[in-house]
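Q: From the sequence below, what's the structure:
(one chain, ligands or ions: 2)
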Amino acid sequence: MRGIVKRFPGVLALDRVDFHVAQGEVHALLGENGAGKTTLMKILYGLYQADQGTIQVDGRPVAIRSPTDAIRLGIGMVHQHFMLVDTLTVAENVALGLPSSRGPLLDLDRVTARIQELSQLYGLEVDPRAPVWALSVGERQRVEIVKALYRGADLLILDEPTAVLTPQEVEELFQTLGQMRQEGHGIVFISHKLHEVLTISDRITVLREGRRVGTVPTQEMTRTELARMMVGRDVLLEQNRPPVAIGEPRLRLEHVSAAGVSGQAVLHQVSLTVRAGEILGLAGVSGNGQRELAEVIAGLRPATAGRILLDEQEITGWSPARRTEAGLAYIPEERMHDGVIREFSVAENLILHDHVRPPFSRGPFLDFRRIAAHSWELVRRFRVKTPDIRTPTKSLSGGNIQKLILARELSRAPKVLVAAQPTRGVDIGAMEYIHQRLLEQRAQGTATLLISEDLDELLALSDRIAVIYEGRIMDVVERDRTSAQELGLLMAGIHPART
Ligand SMILES: Nc1ncnc2c1ncn2[C@@H]1O[C@H](COP(=O)(O)OP(=O)(O)O)[C@@H](O)[C@H]1O
Ligand SMILES: [Mg+2]
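A: Residues are numbered from 1 along each chain as shown. Ligands and ions are numbered 1, 2, ... in the order given. Sure, this is the predicted structure:
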């Protein structure tokens, strides 16, 4: 790809980007959210058309107007969101859309046999006869890969494939990619995770704000150098986690259960304790009850059984506002919906919980100078992109609304902080700052429940890590006595000690 330019209304998503993948290489495309990685690859796969630039495949100039053109040229793509039909089997999904003289679903035996061949060759375990609805996320991803290979993909694009996988599944995926590389495939591996890129790729192209910063051989790179390329300045990747005296329990859950929308149990007898000065990580694959647990603690979802205590006072039946008043801060996962009042200004949202308290009010009066100074300070420190603190929050981009909520909740010095995926979707520059704030609050005695799907983040910040699986706590382990391996097994519902 040469000189690729792509504009969306108001954004230059790609600015004269060159990108070249060789046969038999894993080429990582690295960049922060919004850098243009997906857009560049969607152009290669025919989903978007470039405004300028040229594409060559095997040295020949080509026009790729649709995924059909791309597939014909041997290009396959596995998207961040899978595109399978739940009610059909694996083989039926693979057969869908294939040219066939007899109607695709009549060729199922042939398709099944070929899927088995491909699974064998690349170590992609899939059962062609299984219905897709019964598959795990990792299995669905394998089906997508098989589907692309079935269609003859010489070049396979994987858009953030590890985001939905357990560490074991990531390991398996990497083995498959290694096998594909050996067979001479070219692979584009999109990621924003430095250690993955360093583990699996041969070369790395870094994008920042739509521009190609550089293309480098992986062997010559360190995490620090890559982070600098991604962000455009030095980034402190590993925060110091100084020892902190762990104090009294500040948040306690005793046998807490909760139900989902249709009444089914989603949390089963969860018991956890978070003490002053402690970060308790909650690990788990997405959708195992993390969200519900956070909501129950915040008071947004009723507990059907059990007790919740804040500083040893029972708060189980309290409203969210009363909990906030008592010292609970909550960074919700669904920040766009639950975290701000969209019609309010940036400044108003920044002091949402504290406007009736000093230093923002004196008696009945709001201290607007103080509020403005505080708001500007947070906007600057969290790099919230807004023209003014009086701008209505709803006109900010999603990523900036996230930063605004983080800025507010992390600046309140709460007794208990429940942080659900606090760095998801923010760039690593902002991540660095968020991690620093979490550790500062820990040093000041905040008890933090850190819910994250990012094991590196949990291992970097937590004192102990609880693992949740299907609404149950599998185990709670000391940070210094566990490994990604052990956590990965627990996340898959397997108790290492008992196997
Ligand atoms: N369909 C679209 N319409 C408008 N803007 C888009 C669209 N897709 C991407 N963008 C914008 O283009 C930029 C690059 O996005 P993207 O390629 O998704 O980044 P990445 O995959 O690196 O996170 C972002 O600013 C994003 O908001
Ligand atoms: Mg993307």
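Q: give the contact list for the closest residue to ligand 1 within the stretch 351-499 of the chain.
A: The stretch 351-499 of the chain approaches ligand 1 most closely through S397 (7.4 Å), counting by Cβ to the nearest ligand atom. No exception for glycine: its C-beta is placed from N, CA and C like everyone else's. Residues in contact with S397, defined by Cβ atoms under 8 Å, 6 or more residues apart in numbering, are K385.
Q: where's it relative to V384, distance?
A: From S397 over to V384 the distance is 10 Å, taken as Cβ to Cβ, to the nearest Å.
Q: Any stretches of the stretch 51-200 of the chain with poor pLDDT?
A: 99-106 (pLDDT under 70).
Q: Would you mind giving the secondary structure of the residue most central in space within the chain?
A: Closest residue to the average C-alpha location of the chain: R424 at 5.0 Å, with Cα atoms, centre = their mean. Here R424 is recorded as coil under DSSP: H, G, I helix; E, B strand; the rest coil.
Q: Next, count neighbours for T68.
A: A total of 11 residues lie near T68 under the criterion other Cβ atoms under 10 Å.
Q: Sorry, slip of the keys, the one I care about is F189.
A: Around F189 there are 25 other residues, counting by other Cβ under 10 Å.
Q: Help me confirm that it is found in a helix?
A: No: counting by three-state DSSP, F189 is not part of a helix but strand.
Q: Isn't it up against A28?
A: Yes: counting by Cβ atoms under 8 Å, A28 is a contact partner of F189 at 4.8 Å.
Q: so what sits against both of those two?
A: Residues touching both F189 and A28 (Cβ under 8 Å, 6+ apart): 197, 200-201.
Q: Could I get the pLDDT score of G363?
A: G363 carries a pLDDT score of 67 in this model.
Q: Quick one: name the residues of this structure near ligand 1.
A: Residues of the chain that fall close to ligand 1, judged by Cβ under 6 Å from any ligand atom: 8, 11, 13, 31, 33-39.
Q: Now, of these, which are buried?
A: Among the residues of the chain next to ligand 1, those classed as buried by neighbour count (16 or more other Cβ atoms under 10 Å) are 13, 31, 34-39.
Q: Can you flag which of those belong to strands?
A: A13 (DSSP state E).
Q: Make TSV from the buried ones among the residues of the chain next to ligand 1 and add pLDDT to it.
A: Output for these, formatted as TSV (pLDDT from 0 to 100):
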residue	pLDDT
A13	95
G31	92
G34	83
A35	91
G36	94
K37	95
T38	95
T39	96
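Q: Between which two of the buried ones among the residues of the chain next to ligand 1 is the distance greatest?
A: Spanning the widest gap among these are A13 and G31, at 11.6 Å by Cβ to Cβ.
Q: If you count neighbours, what's buried in stretch 450-467?
A: Of the residues in stretch 450-467, 450-455, 457-467 count as buried by neighbour count, 16+ other Cβ under 10 Å.
Q: now swap in stretch 312-331 and tell me
A: 315-316, 318, 323-324, 327-331.
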